[in-house]
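**Student:** sharing a sequence plus its predicted fold:
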Amino acid sequence: MMVSKEEVKHLAWLARIELDDKELEVYTKQVEQIISYFDTLDKISLEDIHISQRSVPYSKFRDDVPKESTDNVLSVVKNSKEKFVKAPKMA
Amino acid sequence: MITMDLLTSSAADIVTQIKKGYVSTEEYIAKIFDHIKKVESNVHAYISLNDLAIERAREVDSAVKRGEKLGKLAGIAIAVKDNICTSNMKTTCASKILEHYIPPYNATVIEMLEREGAIIIGKTNLDEFAMGTTTEFSRFKETRNPWDIERVPGGSSGGSAASLAAGETTLALGSDTGGSIRCPASFCSVVGLKPTYGLVSRFGLVSFANSLELIGPMCRSVYDTALMLNCITGRDSMDHTTLDVDTKDYTATITQGVKGLKIGLVREMISDVDEHVSKTIHDAASKFESLGANLNEVSIDSLQYALASYYTIAMAEASSNLARYDGVRYGIDMGPEGFEWNSYYTKVRSNFGDVVKRRIIIGTYVLSSGYYGKYYLKAQKVRTLIKQEFASLFKTYDLLIAPTMPILPFKIGEKTMDPLHMYMTDIDTVAANLIGIPSISIPCAFTDGLPIGLQIMGDHLSEELLIRAAYAFEEITDVKKVIV
Amino acid sequence: MKINIGLEIHCQMTGLKSKLFCSCEADYRGKQPNGNICPICLGLPGTLPLLNKKALENALMLSLALNCKIPDVVSFYRKNYFYPDLPKNFQITQYNSYQISSIGSGGTVEFDHKKVRIRRIQLEEDPGRLVYESGIATSNYTLVDYNRAGVALMEIVTEPDFDDPKDVKLFLNKLVSVLEHLGTCDTKLDGAVRCDVNISQENKKKVEIKNVGSFKEVEKALVFEISRQKSFGIKGIEVKSETRHWDDIRRITIQSRTKEEEQDYRYFPEPDIPAAYLGNELINSLTKQMPELPDARKSRFVENFGLSEQNAQILIDEKDTADFFEESLKLYDDAKEISNWFVTDLKVFINEANGIRSLKIKPSHIAELVKLVNQSTISRNTAKQILQQIVKSGEMPSVVMNNLKATKISNEEALIQIVDDVFAKETIAVRDALKNEKAINFLLGKVIQSTRGRADPKLTTELIRKKIASIST
Ligand SMILES: [Mg+2]
Ligand SMILES: [Zn+2]
């Protein structure tokens, strides 16, 4: 599979990662090399394979019982204002 | 007071002496910290040390004096990979993104081990977010292989393995997504077990690839591995993927040997490996025969696709798991005020290391529209195919053996420039993760001063069998596991 | 011109006690910012989602109620996109592709003798809430409250089967009633329901109106948008494919300020939640537990109580009203008379108050009121007057009636009634009065007597004079 710089740039945008020109150059080559390796999956016929997935009886899931959080969750937040978490601007 | 080398003794021996009051926990823990001080400048196994460890040791000692009932690991020093959450200590994942992050809660395994009296002495180094095979990709330090400090300790649980081999701890926890416990265990000549998927809770393990990874014990003996496994298994209401199985005493059956067991040597895993490795593993196979096991070479055709399947799935899951690190709620703080949100996120997330960024981008690629069917879905199908092939083998064979690593520990920096080449070194370990079976790596031999590990795999929930075989092998081999 | 309208509706499961994937309280309203969060819903590293099985049950009930197909095994997916209200920068939701189905799919709903197809029903988590101190454009930062993050949502997607905003309104009325009967969503709570609407004219581009904040606004937004598109047609301007927002203050749709980039959500199965096997047993037991739904209730009202279909419809449109009606019936068994109040005078008050629960009256009030009218203790007009008071005060009708008797009757209608009564009884005095002016005083005395002195004498005299005059001519 050929991978273009434009594609890698778009992927980086989707992942919110910045690549400078040099990085873009290197990454494009590496991504192409690795994706080409993944293309070995094309060599095998998989039509008859149904993906096996573990399923659990629905009763095993959580009961609808509320619990007060005892952890001091907000201790991890650095930027806050009047208990709100401060995030960058939207526009 | 009994004379024993507290730096090299097994957890089983030390805990016995602590409970009898023959060994002072405080002295033992202090001794480990002294040793850490001495060797860390060469080994670089730890990211942080636990200031409260000595205090915990004193508590154990006074509990002994009061004659209280003590846990299975009372007073035992344990090193924890720094991607497992600890509520009083930083959990960095060896990443700039979480450099100062202190979780508000403990991982379930931490709670369980502390309940048994274990003392966390520090958090060990790893490849950033556990993505690597060498521990060179930590954003803080390169951990060295204690057997040859020019070489890598393996990864990503390199810090845990190196700390064991260098006598800097008695027990350690690692995590294994595609071999991250077994590879460094092999490279550092210690024991490392990746349990059956679902046997140990992942709650508190910072996710890299959820469907593949698990926490597991790393030790200097098979018995200690069993002892530690006893303390960390079981269904956890905080992790829906844990299995509904009863806890077991894995030490109870440990001496039962391998007589009459059918063991398969996996051809695809031993062809194309370093010749020293190949010879060593063939020798190991003969040893199992001498112990009364029936040995055959077996073939698993779909293994040739395992690596492509593994990396596709691992990177896909990683790209999504690591999306949460945006510098808003926790972790790295670059001052969001004034930034447009997309540019802030991009700026923050560019602090990931190269290896991580590359995997996120490839993971994004294989999930993006138009490629999901071509890569991700296919990878899942291959996974099912491999599962089927293994399942049919386990109808005949009790255990499968193979090298853990196809190569010997290599020089630091030797493979960093070629990611694909680096991925290839995981060729023998990823299958166990893809299909969720248990796999253990045990020290097998040394060649030119470098360790070689033997990998033993079994069907789902066959840990008991794995440990029995590993123990029997350990009994008749004399391989060094610690250098102090 | 043919128009196709489709809906995508999000309903919070307000009937739950905890969030979809953690044990934080589902009721986040009125709490201090970030006072209703835990490591799981804040997406802290190492946490895992813990599926609320009651949420699964609720979504199954809705799927059954809307005649959807239900798969044997339900699995969750991740929808990956970055946004500051999303703690994990992905949303755990469901997916319909690669032979995978969400909890419900391929349903149908009948309303007002029409039909709309339900494409799917899925279970997913609500994001947090963004707050701008000085408006979105000028704020130098955004404040985030994650209290809502992780609250369980049902997403209901219809096929584009509507061609008239009025039908959309009727359908939404029905949906609200179904949700109320199931007890899964209190649609009256602020922000509990949100609706995205897409509209396309034949051979024209599709326009989406996002986030209409209440069902009542949907019809208005649609009417505006359709006329906007029609006027474009007249002017010969092409309708662009775009996302718009409903401005409920200016009552217009406006183009979304931020240009929506093409999204690539990179769906894949959520690895931390094993697929949930439902099994026939669960479906059967839920079917048994299923409460009476609006359609069945309406038929029962028509058949058992002899109500007209139209009146029955009005009653069941809101569950509270229907419940109230049935409670009243238990106290006084006259379905027709009681129902008449609900579709006429009382309905006005219900609509004004946004639901019968907000009024002060109880079923016993209505039962007594109807009884008083039936027994001719009060006239219908008096009853109406009494109703006006009791919806606000919560007093019993009989109490109000007696109080009315203690005060001067200056209500013309009420007095006419009494005057009529007196005229009917005192035929001789009436005859006298036709000839003798003074006999009017006798009649006045009788009226005052029968109202125990509460009749306004000046008004009563006037009324008597008028009546005499009308008889004499
Ligand atoms: Mg949705
Ligand atoms: Zn929560």
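**Tutor:** Great, that's in hand. Ligands and ions are numbered 1, 2, ... in the order given.

**Student:** contact partners for the most centrally placed residue in chain A?
**Tutor:** By CA atoms, centre = their mean, chain A has its centre lying nearest to A:Ala15, at 7.4 Å. Neighbour list for A:Ala15: B:Ser319, B:Ala323, B:Arg349, B:Ile360, B:Ile361, B:Thr364 [criterion: CB atoms under 8 Å, 6 or more residues apart in numbering or on different chains]. Placement of C-beta: from N, CA and C, glycine included.

**Student:** from chain A, how far out is the last one?
**Tutor:** So the one you mean is B:Thr364. Look at B:Thr364 and chain A: by CB to the nearest CB, to the nearest Å, they are 5 Å apart.

**Student:** next, B:Ile281: secondary structure please.
**Tutor:** Following DSSP: H, G, I helix; E, B strand; the rest coil, B:Ile281 is assigned to helix.

**Student:** please apply the same query to B:His100.
**Tutor:** Taken by three-state DSSP, the conformation at B:His100 corresponds to coil.

**Student:** circling back to that earlier point, distance of the residue nearest to the centre of chain A relative to C:Ser285?
**Tutor:** 45 Å (CB to CB, to the nearest Å).

**Student:** low-confidence stretches in chain A?
**Tutor:** A:71 (pLDDT under 70).

**Student:** so which helix or strand takes in C:Asn173?
**Tutor:** Assigned by DSSP states H and E, C:Asn173 falls within helix C:165-182.

**Student:** quick one: buried residues of that helix?
**Tutor:** Going by neighbour count (16 or more other CB atoms under 10 Å in any protein chain shown), the buried part of helix C:165-182 is C:165, C:167-182.

**Student:** circling back: ok, the contacts of A:Ala15 vs chain C, which is closest?
**Tutor:** Nearest to chain C out of these is B:Ala323 (CB to the nearest CB; 3.6 Å).

**Student:** with adjacent residues omitted, what lies nearest to that closest one?
**Tutor:** C:Asn89 (3.6 Å; CB to CB, 6 or more residues apart in numbering or on different chains).

**Student:** okay, now residue 42: neighbour count?
**Tutor:** Let's take chain A. For A:Asp42, the count of nearby residues is 13 (other CB atoms under 10 Å in any protein chain shown).

**Student:** wait, chain C was what I had in mind.
**Tutor:** So C:Leu42, with other CB under 10 Å, has 28 neighbours.

**Student:** likewise B:Val245?
**Tutor:** For B:Val245, using other CB under 10 Å, the count is 14.

**Student:** likewise for the one 5 residues further on?
**Tutor:** The local packing count at B:Tyr250 equals 23, with neighbours defined by other CB under 10 Å.

**Student:** now the phi/psi pair for the nearest residue to it once chain neighbours are set aside, please.
**Tutor:** Spatial nearest neighbour of B:Tyr250, chain neighbours left out: B:Ala226 (3.8 Å); criterion: CB to CB, 6+ apart. Backbone torsions for B:Ala226, taken as degrees, to the nearest 10, come to phi -60, psi -40.

**Student:** what's the distance between B:Ala226 and chain A?
**Tutor:** B:Ala226 is 26 Å from chain A, by CB to the nearest CB.

**Student:** cool, C:Ser472 as well?
**Tutor:** 78 Å.

**Student:** so what's that residue closest to, chain neighbours aside?
**Tutor:** C:Ser472 sits nearest to C:Leu434 (CB to CB, 6+ apart), 5.5 Å away.

**Student:** dump the helix or strand containing the one you found to PDB, keeping only the CA atoms.
**Tutor:** Counting by DSSP H and E, the element that carries C:Leu434 is helix C:427-435. Written as PDB, here are the backbone C-alpha positions of helix C:427-435 (Å, rounded to 0.1, in the frame of the first residue of the first chain):
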ATOM      1  CA  THR C 427     -95.700  32.300  39.200                       C
ATOM      2  CA  ILE C 428     -98.400  34.300  41.000                       C
ATOM      3  CA  ALA C 429     -95.900  37.000  42.100                       C
ATOM      4  CA  VAL C 430     -94.600  37.200  38.600                       C
ATOM      5  CA  ARG C 431     -98.000  37.700  37.200                       C
ATOM      6  CA  ASP C 432     -98.500  40.500  39.900                       C
ATOM      7  CA  ALA C 433     -95.300  42.100  39.000                       C
ATOM      8  CA  LEU C 434     -96.300  42.400  35.400                       C
ATOM      9  CA  LYS C 435     -98.900  44.800  36.600                       C
END
